[in-house]
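Visitor: dropping the sequence and predicted coords here.
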Amino acid sequence: MSAAPTARLMTGTHIARDLVERSAAAATDFARGTGRAPCLATVLVGEDPASVTYVRMKRNRCAKAGIDSRLVALPAATTTAELVDTLTGLSEDPGVDGILLQHPVGPHIDERAAFEAIAPHKDVDGVTTRSFAAMAFGLPGFLSATPGGIMRLLDAYEVDPAGRHAVVVGRSAILGKPVGILLLQRNATVTFCHSRTEDLTAAVRRADILVAAVGRPRFIRGEDVKPGAVVIDAGYNPGNVGDVDFESAAARAGLITPVPGGVGPMTIAVLLAQTVEAAARGAAAGAFVPA
Ligand code: NAP
């Protein structure tokens, strides 16, 4: 039986709500100045139930924040070339401020080629190589939404990564790698772990800040969490289960994100914030189209 939780909860719900409220206010200002609301184009290929749900959720949040969302639903048989054409068209469409390609797309599609068809100034989900490079160089650009949300969560709970040992389990291009780089930029000493890491347990045990981004339910066990560590569970597995065994980890951590209600709400909030920012930057550059 695990001990009673001692960690403070790092909930993202209210932090995300604040960010969405600020984005909604900025969307109103944008609409007042330009005569149209900021617009996020959401591209969905096929009818994967999880993807359909995610897209619906994001569009609902957009509507509540005063952001127009344009759904582009393509058949499952869409080819890479057709998807690239669609994304190129949206990139050139002055009425679209941000573009989200819901992924994963089907295995027959070259996902990277599709992402690269998104113009960097509309890449509000931070998936292009140019956005990644800008992030890695510390230049202005849009962050991958989940890593951006994790950094905002750390700031909101006044966790300063400087000098601390951060361990990121997972190295995907949209999550593990960028969050590790962002932590490095904030002067953490960063270790990346992945499926070929030889002694994962030893690495995890050294973490002052642990980010779990593995995609395996309850993969991180509480007994491996350093007492007092900050535990960020980015995992989201079927049944609302994270990548961390919450109960046992909460007995040792200092701060821990719940699943759901931790990282998840931050991801959508960052997507909305970056969409409004893309619209405002476009307007400042004279690119907006009056209604
Ligand atoms: P991914 O692309 O599948 O990457 C998973 C990573 O975990 C890979 O780097 C993989 O290593 C590593 N890994 C797998 N098995 C491992 C093991 N046994 N030991 C050590 N490392 C292992 O997944 P992702 O897209 O980054 O997503 C990760 C999790 O975050 C998922 O649960 C996903 O649902 C969740 N997520 C949540 C949000 C949100 O908004 N909350 C957003 C995005 C993702 P290799 O590279 O060596 O294969």
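Guide: Cool, the structure landed.
Visitor: how is the chain carved up into domains?
Guide: Following automatic domain parsing, the chain resolves into domains at 35-124, 145-264.
Visitor: residues in contact with the most centrally placed residue in the chain?
Guide: Nearest to the mean C-alpha position of the chain, counting by Cα atoms, centre = their mean, stands Thr146 at 1.9 Å. The neighbourhood of Thr146, defined by Cβ atoms under 8 Å, 6 or more residues apart in numbering, consists of 174-175, 179, 213, 234, 263, 266-267, 270. Every C-beta, even on glycine, is put in place using the N, C-alpha and C of the backbone.
Visitor: let me see the ranges of the strands in the stretch 151-291 of the chain.
Guide: In the stretch 151-291 of the chain, the strands defined using DSSP state E, counting those that start in this stretch lie at 165-169, 189-193, 209-212, 230-233, 255-256.
Visitor: any chance of TSV for the ones you listed, columns distance to the ligand, mean neighbour count and mean pLDDT?
Guide: TSV is the format used below for the strands of the stretch 151-291 of the chain (distance: least, Cβ to the nearest ligand atom, whole Å; neighbours: other Cβ atoms under 10 Å; pLDDT from 0 to 100):
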stretch	distance to the ligand	mean neighbour count	mean pLDDT
strand 165-169	5	26	99
strand 189-193	6	19	98
strand 209-212	8	29	99
strand 230-233	9	28	98
strand 255-256	15	24	98
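Visitor: relative to Ala16, which of the ones you listed is closest?
Guide: strand 230-233 (14.5 Å; Cβ to Cβ).
Visitor: parallel or antiparallel, which strands does that closest one pair with?
Guide: Taking DSSP bridges as the criterion, strand 230-233 pairs within the sheet with strand 209-212 (parallel), strand 255-256 (parallel).
Visitor: out of the ones you listed, nearest to Glu158?
Guide: strand 255-256 (9.9 Å).
Visitor: tell me how far the closest one lies from the chain's centre.
Guide: Put simply, strand 255-256 sits 19 Å off its chain's centre (Cα atoms, centre = their mean, to the nearest Å).
Visitor: do stretch 24-42 as well
Guide: 22 Å.
Visitor: do the same with stretch 123-132
Guide: The answer for stretch 123-132 is 11 Å, by Cα atoms, centre = their mean.
Visitor: residues near the closest residue to Arg61 other than its chain neighbours, how many?
Guide: Leaving aside its chain neighbours, Arg61 sits nearest to Ile268 (5.3 Å; criterion: Cβ to Cβ, 6 or more residues apart in numbering). Counted with other Cβ atoms under 10 Å, the neighbours of Ile268 add up to 23.
Visitor: how far away is Ile268 from Ala81?
Guide: 30 Å (Cβ to Cβ, to the nearest Å).
Visitor: same question for Ala26.
Guide: Per Cβ to Cβ, Ala26 is found 36 Å from Ala81.
Visitor: just want to know which of these two has more residues nearby.
Guide: Ala26 (21 against 12).
Visitor: which non-adjacent residue is nearest whichever residue of the stretch 1-150 of the chain sits closest to the ligand?
Guide: Nearest residue of the stretch 1-150 of the chain to the ligand, counting by Cβ to the nearest ligand atom: Thr146, 4.1 Å away. The shortest distance from Thr146 to any non-neighbouring residue, by Cβ to Cβ, 6+ apart, is to Thr267 (4.6 Å).
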